[in-house]
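J.: Build the 3D model from these lines:
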Amino acid sequence: MNIYVLLKRTFDTEEKISIQNGRIAEDGAEFIINPYDEYAVEEAIQVRDNHGGDVTVITVGGEESEKQLRTALAMGADKAVLINTEDDLDHGDQFTTATILAQYLKDQEVDLILAGNVAIDGGSGQVGPRVAEQLDIPFVTTITKLEIAGETVTVTRDVEGDSEVIETSLPLLVTAQQGLNEPRYPSLPGIMKAKKKPLEELELDDLDLEEEDVEAKTKTIEMYLPPKKEAGRVLEGDVAVQVSELVQLLRTEAKVI
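T.: Next up, the predicted model:
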């Protein structure tokens, strides 16, 4: 089975983030595999171990993305592909990324594609479905369970307040939701093996794409950090006094009543 995982390099939201000149300052920022993509990598490895085949992780970005690809290889993926757009594109969006990935995948024998449900930096959840649309294959989002029997695939997906079971067939693209599995940590032997696993680097020219073919359809007008939260206030005294003070604050400060 030929399994592909769409991977994104994202900044670690647990670390301090700063904005400079309308962009996230990368100096001093910590970058990781998008956490939802880790579920996709783990599920791909488990599917391969149960059904055979190879797992290939793919990302679109610059040279710095190699670190995250090597991490996925250390987790257990077999091969990696970096589509380097550093010298070709100043700005891209979900359309850009999906078009590049789909162009690469069109020439591959694809059985199963996995991606994260969303990226924690953008949160649009568009890339996976866009890739499936361009490849003209079925897709199921926010999955929490995946079962494969021959060409038949049974998927459980997360819906608001409940779950939904869908039966479909390969080839298929799915996006991983939290709860699908528990991603493994790269082991020391896995890290050593990852250094020798193949990592192919391509550019737009290799995919017969021009800059205008993948030109972004959206434009970022402004980027800013959320306002700092003010310290909370503790009301004291009898309950009746606290209620009276709270009502007064809601009317004069919060202005919600």
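J.: Just give me the longest helix of the protein.
T.: Secondary structure of the chain per DSSP state H: the longest helix is helix 35-51.
J.: And it, what's buried?
T.: Judged by neighbour count (16 or more other C-beta atoms under 10 Å), helix 35-51 contains these buried residues: 35-48. C-beta coordinates here come from the backbone N, C-alpha and C atoms, glycine included.
J.: Give the partner strands of the lengthiest strand in the chain in its sheet and their orientations.
T.: Looking across the chain with DSSP state E, the single longest strand is strand 139-149. Strand 139-149 has its sheet partners listed here by DSSP bridges as strand 152-159 (antiparallel), strand 172-176 (parallel).
J.: number of nearby residues for the residue lying closest to Glu200 once chain neighbours are set aside?
T.: Of all residues not flanking Glu200 in the chain, Val81 sits nearest, at 4.9 Å (C-beta to C-beta, 6 or more residues apart in numbering). Residues within reach of Val81, counting by other C-beta atoms under 10 Å, total 21.
J.: got it, and Gly179?
T.: Other residues near Gly179 come to 14 when the count uses other C-beta under 10 Å.
J.: cool, the one 3 residues further on as well?
T.: Using other C-beta under 10 Å as the criterion, Glu182 is surrounded by 8 other residues.
J.: again with the one 3 residues further on
T.: Burial measure for Tyr185: 8 neighbouring residues, criterion other C-beta under 10 Å.
J.: In contact with it, which residues?
T.: Residues near Tyr185 by C-beta atoms under 8 Å, 6 or more residues apart in numbering: Met75.
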